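Trainee: Take this sequence and fold it.
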Amino acid sequence: QVQLVESGGGLVQPGGSLRLSCAASGNIFRINAMGWYRQAPGKQRELVASITRGGTTNYTDSVKGRFTISGDNAKNTVYLQMNSLKPEDTAVYYCNAPVVATTEPPYRYLGIWGQGTLVTVSS
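Mentor: Residues are numbered from 1 along each chain as shown. Now for the predicted structure:
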């Protein structure tokens, strides 16, 4: 079975920085893309950033220039460096892998989510 485990959330003051990590575990053969989503209280879950295995990145407009997504294919890990944090960045951040190929049956998992990590930006 494939699991995604996030870490790195916490409380930070406005203008501060945090780095989130998401590690995939299991009988993984290949992950072609991963992403970070967030869900603030009373709001829908939204895509924050995504990265392909080849390094192509995509960001939602509100975080461009402040957040950086990166990945380590060998470790099946993705990171989200968050700088210049604002109170409106407060949310539970979730890691996602749309498709995970594995070395054992069922050979493919779809829509894997982590458990989420809370980021609170407040003075």
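Trainee: and E88, that one's in a helix?
Mentor: Yes: judged by DSSP: H, G, I helix; E, B strand; the rest coil, E88 forms part of a helix.
Trainee: What is the strand ranked longest in the chain packed up against?
Mentor: Among the segments of the chain that qualify as a strand by DSSP state E, the longest is strand 91-102. For strand 91-102, the packing partners by 3 or more Cβ pairs under 8 Å, 6 or more residues apart in numbering; DSSP states H and E come out as strand 3-7, strand 18-25, strand 28-31, strand 33-39, strand 108-113, strand 117-121. Using the backbone N, CA and C atoms, a C-beta is placed for each residue, glycine as well.
Trainee: beta partners for V119?
Mentor: Using DSSP bridges, the bridge partners assigned to V119 are G10, A91.
Trainee: so what's it up against?
Mentor: Listed by Cβ atoms under 8 Å, 6 or more residues apart in numbering, the contact set of V119 reads 9-10, 12, 18, 20, 38, 82, 85, 89-93.
Trainee: Tell me how many other residues crowd the nearest residue to Q115 once chain neighbours are set aside.
Mentor: Spatially, and ignoring its direct neighbours in sequence, Q115 is nearest to E6 (6.7 Å; Cβ to Cβ, 6 or more residues apart in numbering). Number of residues near E6 (other Cβ atoms under 10 Å) recorded here: 22.
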